[in-house]
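Peer 1: Any chance you can model this:
(2 chains)
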Amino acid sequence: MFLSLKNLVKIFPPRGGSTEVTAVDNISLDIAKGEMITLLGPSGCGKTTTLRLIAGFEFPTRGYISLDGQRINELPPHQRDMSMVFQSYAIFPHLNVFENIAYGLNVQRVGKKELRERVAKVMALVELEGLENRAPNQLSGGQQQRVALSRALVMEPKVLLMDEPLSNLDAKLREQMRSEIRRIQQTLGITSVYVTHDQIEAMTLSDRVVVMNNGIIEQVAPPQEVYRHPQTKFVADFIGRANFISGTVKGVAGDALIATALGQTLHLTNIQKSYATGSQITLVVRPEMVHLHDQEGTYSATVRQAAYLGDKIDYQVEIRGQLLDVVESDPTRIAKIYPAGTKISASFHESCIHLLPAE
Amino acid sequence: MEEKSLATKKPGPLKRILQRRYREFVLIAQDPVLFISLMLCSIFLLVFIFYPIFQTISNGFFNTTGQFDLTYFTRFFDAYYGSQARLVFRNTMTMGLLTALGGTLLGFIFAYTLVRCDIPGRRWVHILALLPTVSPPFALSLSTILLFGRNGLITHKVLGMSFPVGSNDIYGMDGLVAVQMITFFSAAYLMLRAMLERLDPAMEEAAASMGAGRFHIFRTVTLPLLIPGIGGSILLLFVESLADLGNPLFISGNVMVLSAQIFLAISGEYNYQKASALALVLLIPTLIVFLVQRYYVSRRSYISVTGKPTGGQHKESNPWIRWTFIGITYLACLLVVTLYLGIIVGSFSTAWGTDFTPTLMWWRLMVTRGIEAILDTTFLSVLATPIAVLIGMVVASLVVRKKFSGKDVLDFGSNLGGAIPGTILGIGFVLAFSTPPMLIVILLYMVLSIFLVRSLFDKPREQLIVLALGSALGMGLSFLDGPLGLRGLYYLLGGLSIALGLYFHWGRGMKQRGQLLLLLGGYFFAYDLSDYLAMPIATLSRNISGGFWSNAIYQFATYVKVPFQLPPIFLAAGLIFGGLFFVKPEKDSWRLALAIGALAISCALTFTDAPLALVGSPFIIIAAYAVRSLPASVRAGIAALQQIDPTIEEASSILGADAQYTFRKVTLPLILPALLSGLIFSFTRHMTSVSAIIFLVNARWRIVTAAILSEWEQGGISIAAAYSTTIIIFVLIAIGLLYFVTNKLLKGQGSVDLNLGA
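Peer 2: Numbering: from 1, shown residues only, chains lettered A, B, ... in the order given. Predicted coordinates:
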């Protein structure tokens, strides 16, 4: 593997009366050349620490990191041939745009002509032409972002690291930069590790998403896989929304698993592994997998809340005492709203429901 | 899993704390930069701050024969001495309280006038308000006596007043407090001005919108918001006043205060036990106030002092109030100007009080007789400056950038040396470093040697072998200074490293490392050779007819030797770190042999020639200077580093720059203004310090402030004035240089924060 983390542990010393903190707890991860990986998780899950371990700003307490087959545990950041885009951009305030972007090339003593060409090329790539002599405090947030990005790209690094680079931008600009980063990453084929807590960024940007929680990796998979087949309750809950319903396995019928849940029998076909008859399972039912109608359905349900959002309706319905989130986004069906208190019936898209073993 | 089973066993609380500390220590040791800088700072704090203070405190409890003895504490409750002892204590507290209140009031008036009253000539008023911080502490006493004393220019000559015995003259509590108020109000002014400027006008507007009148607003909004500033300023001035030695010696007359009594216990009675006991009595209120100010008041602040100034300030609209404030401010400025002019005039007068004819006599006397003191003071101040600033910056970067427990101790300790009265530190230095403090020396050697072997070897067996062999060999070497003399030992060590250097250079073809060893050898030789270098210079000076040049050149001959004749133990510490980087790339038996060699040389240097018995050497004065100015450097460093996002340095590092490139191209340009002001203010503090070094001066190393005091005691009032003027001029030149450099060379890269000087 190109970049490989093996049984990585990072423990921070205790401070100010608190106990020591295990920020990264025995994680292993392999990243292929040219791949774009996103570390996704809530704050404090260890994603930034993992990135800083890869960068060399922190050294692992145990485990090892290798790049291109070489162990790089003790290698200081400046010898790792990586570059990084920081959340705060970390633009050198005493240098202008050109000097900022050329900083790393100057460190490498790249010749004047080549330096000029490479800086110009990368500035064109991120559409910064004409701003060479601007001081950083004369730039807008989006421009600063581009300077930070081009300063990292100009190095043609083996690995590009990005630490929530878009979190300081407003929503519109964020969307635009998101697709731009993906475009540039694809054009240049740079191996990238991207840290974010925003699942949309993770889903749209990456080849594979690494979901982290409490210092461990919950799941590594392509975006679609993470959504359709979450391996843990945490992943199912963190990526998108999910209703968890307990059920019991009754048997197998062809490709389908027969199970009972909320008093009804369901034929589930989106199954990854086999479950013994009689075992307890948890059904992961996404809000859009529930269907509400006036006529008879599988379940009888009561609407508890309804919120009209324009492109969709958010419902909360009660089935046999359990509250479920339901999203209705079919344009032909959102013209009519079921007000709270309405008795209706509900059925599940049984072929989509994902299964987890019960806890 | 092991940790969990340990936790379930529930070891005692102490054991648990120790385990946690040990684990933390192991984790810190993985970060070499943190570890080494932490170790260096801790050593400096331990040796030059905590240990001397401990010496002062404990010395008060033991008499000259070493027996436990409370004589000087029980005296406060004694029937015979009691009333006098308690009176001194009461006087001290009265002085502190009055100075604190008066100085804060004056500071507040200045701050309010400058921020809100639109005073004409703001810039000049500001500069005048800061002038007292850059002059030696007793300059104002001196000038007050010259102008308002019994034979004062104004009281006697202009107003024709005379002072029969028993009448109220300038000497005494009133004069002392007045002078201290002017000496110390600058700090109050700066603190309150910063607070007033950062007061959000919206709060006063909000009060006004609810129908509150102006005095009501001032009483219920403005004043309460300023309370932390006012409280902080009162506490600070109280401490400064208690610590002040110069002014009480000059102007307190019959009123005795603790700081002066401590000084007299040593200079008059040579009674260190009494001085130490009194020092403890002075230290306790100082320390309490210092702690309250640091951990209570400063955390109660409603106004973020680090924030940006908020928009426009309200201007005082009532002309009566405005002009009253302006009037008082102008009067105070006039007084400051008069006092400083008084010093200058005093230095040019033939015989103050009777004959005011202008003369250059005193200046001529000063540049011949006093040139040694002036040059010594400047030389030592300059040498101490980079040391203080370097340690200050390292402490600041540890405090701002790193996380470890004990950080508070580091922060506290670095401030302590400057915050306690200088006399206490001075006594501690004399007590600690008159004879070798063997306990400290052994501790130092243990820490450094264990650090060396642990960094070089993984196996405990190798570590022990190197430690034992190196120390034994070093001890053997250190006994050679008997038969060979210290100089002989240095020649031996120099010869060894030159031989090794030659071998590395040609034998193994490692040019760079060979050259380093050759340089080291040369340095060892220079210990003795610098005497031969200095000798012709000294001879030259004797051939010039006595006077300025002769004395100046003679002093220069002494200075040449200072960098080559460092106390061996300092060299030993340097060699441990140097040795570490030198030995690390070596392998196997070479590594073992070189490590033993490096340790042996360090050990020999540590224990030879009365280690750390620094009294009488210039290094003790340098250390005292550095300790005193350390807080200013730390504050400058913290202020500068807090403005730099740590990711900026990380960005440089990940772009391929190593630590020194990052420091040179990123960190340094960004902290340069703070670094420069740290340098200048440290220098200022060194040039003007009295109390900490007054007991450390000796025949070979003279200090201007001490010279002023002794001239004064002998009635040389005009030459004292000439000395004071010289110090002020030197300091002003340094500050002017700072302004020039920051404004001309570092255009727009931040401005100089004068607040750091206070």
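
Peer 1: Quick check: the gap between the most centrally placed residue in chain B and B:L696.
Peer 2: Centroid-nearest residue in chain B, with Cα atoms, centre = their mean: B:R628, separated by 1.6 Å. Plainly put, B:R628 is 12 Å away from B:L696 if you go by Cβ to Cβ, to the nearest Å. Yep, even glycine has a C-beta here, placed from its N, CA and C like the rest.

Peer 1: interface residues of chain A facing chain B?
Peer 2: A:11-16, A:19-20, A:55-57, A:59, A:61, A:76-84, A:86-88, A:90-94, A:103-104, A:107-108, A:151-152, A:155, A:161 (Cβ under 8 Å from any Cβ of the partner chain).

Peer 1: In helices, which of these fall?
Peer 2: A:55, A:103-104, A:107, A:151-152 (DSSP state H).

Peer 1: Go through those residues and say which is closest to chain B.
Peer 2: A:G104 (3.5 Å; Cβ to the nearest Cβ).

Peer 1: Quick check: that closest one touching B:Y661?
Peer 2: No. Judged on Cβ atoms under 8 Å, A:G104 makes no contact with B:Y661 at a distance of 10.8 Å.

Peer 1: who has more neighbours, the two?
Peer 2: Remark: of A:G104 and B:Y661, A:G104 carries more neighbours, 23 against 17, as counted by other Cβ atoms under 10 Å in any protein chain shown.

Peer 1: ok, the residue nearest to that one when sequence neighbours are not counted - contacts?
Peer 2: What sits nearest to A:G104 in space, not counting adjacent residues and going by Cβ to Cβ, 6 or more residues apart in numbering or on different chains, is B:L655, at 3.5 Å. By Cβ atoms under 8 Å, 6 or more residues apart in numbering or on different chains, B:L655 lies in contact with A:78, A:83, A:103-104, A:107, A:151-152, A:155.

Peer 1: Now with 10 Å, please.
Peer 2: Listed by Cβ atoms under 10 Å, 6 or more residues apart in numbering or on different chains, the contact set of B:L655 reads A:77-78, A:82-84, A:92, A:100, A:103-108, A:151-152, A:154-155, A:157, B:661-662.

Peer 1: before we move on, what about B:L335?
Peer 2: Counting by Cβ under 10 Å, 6+ apart, B:L335 has contacts B:128, B:140, B:144, B:147, B:178, B:182.

Peer 1: Nearest to A:I334 among these?
Peer 2: B:L128 (75.7 Å; Cβ to Cβ).

Peer 1: pLDDT value on the residue nearest to A:G104, please?
Peer 2: pLDDT, B:L655: 92.

Peer 1: on that earlier part again, thought B:F429 was touching the residue nearest to the centre of chain B, still the case?
Peer 2: No. Counting by Cβ atoms under 10 Å, B:R628 does not reach B:F429; the two are 11.0 Å apart.

Peer 1: intersection of neighbour lists for these two?
Peer 2: Both B:R628 and B:F429 are contacted by B:692-693, under the criterion Cβ under 10 Å, 6+ apart.

Peer 1: Next one: B:I544 relative to chain A, how far apart?
Peer 2: With distances taken as Cβ to the nearest Cβ, to the nearest Å, B:I544 is found 50 Å from chain A.

Peer 1: how deep is that residue tucked in, by neighbour count?
Peer 2: Neighbour count for B:I544, taken as other Cβ under 10 Å: 14.

Peer 1: how much space between the nearest residue to it once chain neighbours are set aside and B:A722?
Peer 2: Nearest non-adjacent residue to B:I544, counting by Cβ to Cβ, 6+ apart: B:S550, 4.3 Å away. Going from B:S550 to B:A722 by Cβ to Cβ gives 20 Å.

Peer 1: now swap in A:H293 and tell me
Peer 2: Separation of A:H293 from B:A722 (Cβ to Cβ) stands at 104 Å.

Peer 1: Please, which helix or strand holds residue 143?
Peer 2: The chain I'm using is chain A. Using DSSP states H and E, the element containing A:Q143 is helix A:141-153.

Peer 1: actually it's chain B I care about, not the one you picked
Peer 2: Using DSSP H and E, B:S143 sits within helix B:139-148.

Peer 1: counting contacts, what elements does that helix pack onto?
Peer 2: helix B:173-198, helix B:246-251, helix B:319-347, helix B:704-713, helix B:717-740 (3 or more Cβ pairs under 10 Å, 6 or more residues apart in numbering or on different chains; DSSP states H and E).

Peer 1: Would you mind extracting the C-alpha trace of that helix into PDB?
Peer 2: Extracted C-alpha coordinates of helix B:139-148, given in PDB (Å, rounded to 0.1, in the frame of the first residue of the first chain):
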ATOM      1  CA  ALA B 139      16.800  59.400  40.500                       C
ATOM      2  CA  LEU B 140      13.600  61.100  41.500                       C
ATOM      3  CA  SER B 141      14.600  61.100  45.200                       C
ATOM      4  CA  LEU B 142      17.800  62.600  44.400                       C
ATOM      5  CA  SER B 143      16.200  65.400  42.400                       C
ATOM      6  CA  THR B 144      13.500  66.000  44.900                       C
ATOM      7  CA  ILE B 145      16.200  66.600  47.500                       C
ATOM      8  CA  LEU B 146      18.100  68.800  45.100                       C
ATOM      9  CA  LEU B 147      15.000  70.900  44.400                       C
ATOM     10  CA  PHE B 148      12.800  70.700  47.600                       C
END
